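Attaching a predicted model along with its sequence, questions to come.
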Amino acid sequence: MTLCGELRLAQLATELRVDVLQLRRFEKDVFINIETAGKVQSYREKCEESLRDAQQTRGPVREARYGT
């Protein structure tokens, strides 16, 4: 793997890490606000958005790592 490829992989790994940390954050916020339906729904939507972001980042990670 070239240096540019390694840098790209590191960048994508960082993006994926941020997405996963956001998922954990929103999960925690749901539990903290479990009695407030509106807040739970809001955090659920944010969680779903972070999950989509993580799934979108996974493909480029595979491409950068395995060249597929």
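Arrived safely, thanks for sending. Computed from a predicted model, the values in this text were never measured in an experiment.

Buried ones in the helix or strand where Phe26 lies, by neighbour count?
With secondary structure defined by DSSP states H and E, Phe26 is part of helix 3-32. By neighbour count on 16 or more other C-beta atoms under 10 Å, the buried set for helix 3-32 is Arg8, Leu9, Leu12, Glu15, Leu16, Asp19, Gln22, Leu23, Phe26, Asp29, Val30. All C-beta atoms are positioned from the backbone trio N, CA, C, and that covers glycine.

Can you tell me which of those is closest to Gln55?
Asp19 (8.7 Å; C-beta to C-beta).

What are the neighbouring residues in contact with the closest one?
Ser50, Leu51, Asp53, Ala54, Thr57 (C-beta atoms under 8 Å, 6 or more residues apart in numbering).

Would you mind measuring from the third one to Leu16?
If I follow you right, that is Asp53. 9 Å (C-beta to C-beta, to the nearest Å).

picking up where we left off before, next step: the contacts of Asp19 restricted to strands.
Nothing among the contacts of Asp19 maps onto strands, per DSSP state E.

For those, which entry has the maximal number of neighbours?
Ser50 (20 neighbours; other C-beta atoms under 10 Å).

And the nearest residue to that residue once chain neighbours are set aside, how far from Arg52?
Distances taken as C-beta to C-beta, 6 or more residues apart in numbering place Gln22 nearest to Ser50, at 4.1 Å, with adjacent residues excluded. Gln22 is 11 Å from Arg52, where distance means C-beta to C-beta.

Over to Tyr66?
Tyr66 is 22 Å from Arg52, by C-beta to C-beta.
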